[in-house]
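**Q** A predicted structure for the sequence below; I have some questions about it.
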Amino acid sequence: MARALIAGLCNHGFPAQQIQVHAPHPQRRDALAAEFGVQSLAAEPCPLPPEAIVVYAAKPKQMRAILTAWAHELRAARVLLISVAAGVRLSSLQALVPEVDVVRVMPNTPTQIGAGASTLYAPAELDTARRQQAEKLVQSTGLAEWLPDEESMDMATALAGSGPAYVFLFLEALEDAAVAGGLYRDQARRLAIATLRGAAELAQQSDLAPALLRHQVTSPGGTTAAGLSAWEEGLRPLAKRALDAASRRSQELAALLAEEL
Ligand SMILES: NC(=O)C1=CN([C@@H]2O[C@H](COP(=O)(O)OP(=O)(O)OC[C@H]3O[C@@H](n4cnc5c(N)ncnc54)[C@H](OP(=O)(O)O)[C@@H]3O)[C@@H](O)[C@H]2O)C=CC1
Ligand SMILES: O=C(O)[C@@H]1CCC=N1
């Protein structure tokens, strides 16, 4: 995720030399430095630039150790801390680094090509300037949506954070079905990707709701109606089950992590 955010920021024109990567494996952070021109620095705490934006992009389970080690430097530099860790509640973050301004962000991997879909949540007391700082950074990697309450972060994680994986699975399933039906695999893949992309862009650019766009494709008694009736048998309940399962897992992780943190 760190690489996706760095790629999104750098491709959007953010000055790479202003980005510091603090990570334990020199070869991996040096590879980021070589690819994007960011600074490669050790994971051990060191003084930070004043008012820096610090993105926590390590695993949720490592948060206690990492933030405890960095707490003094984060406070001293009056940073804005952005956590992209799935399922870590603001209360856990605030307990680990009291007096540090914190925003939760749930990005997704298409941020690396500027096509991300991210949600943000900040405590009510966070001032407008800090909110704008976080929003500007996230917006430079794609869509940025503020959530009205922290509980919604679980469903937003289920929808957009995990969502690219569902779409890739959908593409795999379409490709396999088309190959089983006689198309060459490379052609089936290109057609599936272009169709998904075209339909998504049309939905984004159109004023019509997806249901109306679907209606426009569907001739009575035609091929689309035949295909849709098969999709309708299972797709909606499946989508509900998938998002509920992912959202529930986010809540479970949050409860587990709140105990651990
Ligand atoms: N993958 C996804 O699609 C999404 C992930 N997230 C969140 O992003 C976070 C990272 O997930 P993901 O990228 O998948 O995990 P990875 O395991 O791929 O990346 C973990 C990163 O943490 C770094 N790291 C490990 N230890 C330290 C340390 N002590 N100090 C600083 N950095 C450290 C690693 O550096 P090194 O390479 O040197 O080991 C690596 O860059 C998680 O909290 C996850 O919940 C959020 C949204 C989507
Ligand atoms: O699977 C996960 O837990 C992370 C969070 C959202 C996407 N990947």
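**A** Looks like it came in fine. Quick caveat: nothing in here was measured; it's all calculated off a predicted structure. Ligands and ions are numbered 1, 2, ... in the order given.
**Q** for the chain, which spans come out with low pLDDT?
**A** 261 (pLDDT under 70).
**Q** does any bit of the longest helix seen in it sit next to ligand 2?
**A** Under DSSP state H, the helix in the chain containing the largest number of residues is helix 223-260. No. Helix 223-260 is not in contact with ligand 2 by C-beta under 6 Å from any ligand atom; minimum separation 7.4 Å. Yep, even glycine has a C-beta here, placed from its N, CA and C like the rest.
**Q** which stretches of the stretch 1-150 of the chain form strands?
**A** 20-22, 39-41, 53-56, 80-83, 101-106, 116-121, 142-146 (DSSP state E, counting those that start in this stretch).
**Q** any part of the last one near ligand 1?
**A** No. Looking at strand 142-146 against ligand 1 by C-beta under 6 Å from any ligand atom, there are no contacts, and the closest approach is 12.7 Å.
**Q** that strand pairs with which strands, parallel or anti?
**A** strand 116-121 (parallel) (DSSP bridges).
**Q** and the residue of the stretch 1-150 of the chain closest to ligand 2?
**A** Closest to ligand 2 within the stretch 1-150 of the chain is residue 86: 3.7 Å, counting by C-beta to the nearest ligand atom.
**Q** any idea how far residue 254 is from the spatially closest residue to that residue that is not a sequence neighbour?
**A** Among residues not flanking residue 86 along the chain, residue 157 sits closest, at 5.7 Å (C-beta to C-beta, 6 or more residues apart in numbering). In this view, residue 157 and residue 254 are 10 Å apart by C-beta to C-beta, to the nearest Å.
**Q** what touches both of those two?
**A** residue 87 (C-beta atoms under 8 Å, 6 or more residues apart in numbering).
**Q** domain-wise, how is this structure divided?
**A** With domains defined by automatic domain parsing, the chain comprises 2-149, 163-244.
**Q** among those domains, which comes closest to residue 258?
**A** domain 2-149 (5.4 Å; C-beta to C-beta).
**Q** give me the distance from that closest one to the chain's centre.
**A** Mean C-alpha position of domain 2-149 versus that of the full chain (C-alpha atoms, centre = their mean, to the nearest Å) differs by 12 Å.
**Q** next, the distance between the ends of that domain.
**A** Using C-alpha to C-alpha, to the nearest Å, one end of domain 2-149 lies 25 Å from the other.
**Q** for whichever residue of the stretch 151-261 of the chain sits closest to ligand 2, which non-adjacent residue is spatially closest?
**A** Nearest residue of the stretch 151-261 of the chain to ligand 2, counting by C-beta to the nearest ligand atom: residue 161, 3.3 Å away. Nearest residue to residue 161 in three dimensions, chain neighbours excluded: residue 106, at 4.7 Å (C-beta to C-beta, 6+ apart).
**Q** run a quick neighbour tally on that neighbour.
**A** Residue 106 has 27 neighbours, counted by other C-beta atoms under 10 Å.
**Q** ditto for residue 241
**A** 11.
**Q** what's the spacing between the residue nearest to residue 161 and residue 62?
**A** 18 Å.
**Q** shouldn't the residue of the stretch 1-150 of the chain closest to ligand 2 be in contact with residue 105?
**A** No. The pair residue 86 / residue 105 is not scored as a contact, 10.8 Å apart, by C-beta atoms under 8 Å.
**Q** more neighbours, the two?
**A** Neighbour totals were compared for residue 86 and residue 105, and residue 105 leads with 25 against 21 (other C-beta under 10 Å).
**Q** ok, the more buried one touching residue 83?
**A** Yes. Applying C-beta under 8 Å as the test, residue 105 and residue 83 come out as touching, 7.1 Å apart.
**Q** contacts only, for the residue in the stretch 151-261 of the chain that ligand 1 sits nearest to.
**A** Going by C-beta to the nearest ligand atom, ligand 1 is nearest to residue 161 of the stretch 151-261 of the chain, at 4.5 Å. Going by C-beta under 8 Å, 6+ apart, residue 161 touches 86, 106, 107, 108.
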